[in-house]
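**Q** kindly return the folded structure for what I paste below:
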Amino acid sequence: MAQKTVLILPNLTKNNTGQLVKSIVSQLRFSGCTPVMQEAYSGQFESVQYASFDALIAACDLVLTVGGDGTILHGVKHAVEHDKPVLGVNTGRLGYLAQVEADEIRILSRLAADDYAIQQRMLLEIRVGEDGAALYALNDVVISKGDLARMVDLDISGDGQAIGSYRADGVIFATPTGSTAYSLSAGGPIVDPSINTIIVTPICPHSLNDRAVLLSPRMRLRVQSRYINASDKIVVSVDGENVALLGQNTPILIRVAEKTARFISFPEKTFTMILREKLKPRG
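**A** Numbers count the residues shown, from 1 in each chain. This next block holds a predicted model:
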């Protein structure tokens, strides 16, 4: 069995992450894996091979993030381009995307033995404008009012048929993976990530009749804003990163991407078990 190369992507701004990374490196080496990190961390951790990020992401067998969900989103963004699986070790607060908690790193010994499964996660493909470059979201696409004091008006259609017009602070287009993120806070449903669907969740809608809806993964969505003034700044964000300002005649095109994100999972850590643990009341 070939030795696995594990690219570690840590968020060292979180408390005690540095010490946890040292323990992870020891666990990986003990189990027969080769831990590698980008040159920016050179000298901070012993028994780690360092190289450029581009070289490591292309050559590694898997990506191991150490941090919160934001760290996982960052890792997935790069891993998808190279078809690498991702495993998250959680040092954040909730960490819905992480399979491993900080006190469970002994489970990493199973990586060397291929004792894990690969779960495919749906992505959204987004284009700003008819000829815009493709962007990809693991969690969500959010079209919102930004700094505007008033609501925005968005027309949404699917496959050429009108779905609805929303007057709201914005609208979230989420994947099942992203159903536990912003969409959940806005009143959207929790969806098992094994189900492919596009979740449309309005943010503080003007009408109480505007509710979250689940759409077919085969549907191609088109979103346009009405009544935009020259001074208005309607913001388009992808996985929490602002990517564009929406003009009146600029459509946002959204569909399920052909590519997927690959997550390492352990069969005994099911979605319902993780969800039950994350939804426990916290002091």
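
**Q** distance between the helix or strand of the chain with the lowest mean pLDDT and the chain's centre?
**A** Each helix and strand of the chain was given a mean pLDDT (mean pLDDT, DSSP states H and E); the minimum falls on helix 271-278 at a mean of 83. Helix 271-278 sits 18 Å away from the centroid of its parent chain (Cα atoms, centre = their mean, to the nearest Å).

**Q** hmm, who's touching that helix?
**A** Contact with helix 271-278 is made by 94-96, 99, 180, 190, 192-194, as judged by Cβ atoms under 8 Å, 6 or more residues apart in numbering. Yep, even glycine has a C-beta here, placed from its N, CA and C like the rest.

**Q** what about 7 Å?
**A** Contacts to helix 271-278, defined as Cβ atoms under 7 Å, 6 or more residues apart in numbering, come from residues 94, 96, 190, 192-193.

**Q** quick one: low-confidence ranges for this structure?
**A** 1-2, 148-149, 227-231, 282-283 (pLDDT under 70).

**Q** export the lengthiest helix in it as PDB, just CAs?
**A** Using DSSP state H to define each element, the chain has its longest helix at helix 17-31. What follows is helix 17-31, C-alpha atoms only, in PDB (Å, rounded to 0.1, in the frame of the first residue of the first chain):
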ATOM      1  CA  THR A  17      -4.500  25.100  16.800                       C
ATOM      2  CA  GLY A  18      -0.700  25.100  16.600                       C
ATOM      3  CA  GLN A  19      -0.500  22.500  19.400                       C
ATOM      4  CA  LEU A  20      -3.200  20.400  17.800                       C
ATOM      5  CA  VAL A  21      -1.400  20.500  14.400                       C
ATOM      6  CA  LYS A  22       1.700  19.100  16.200                       C
ATOM      7  CA  SER A  23      -0.400  16.200  17.600                       C
ATOM      8  CA  ILE A  24      -1.900  15.600  14.100                       C
ATOM      9  CA  VAL A  25       1.500  15.500  12.500                       C
ATOM     10  CA  SER A  26       2.600  12.900  15.100                       C
ATOM     11  CA  GLN A  27      -0.500  10.800  14.600                       C
ATOM     12  CA  LEU A  28      -0.100  10.900  10.800                       C
ATOM     13  CA  ARG A  29       3.500   9.900  10.800                       C
ATOM     14  CA  PHE A  30       2.900   7.100  13.400                       C
ATOM     15  CA  SER A  31       0.200   5.600  11.100                       C
END
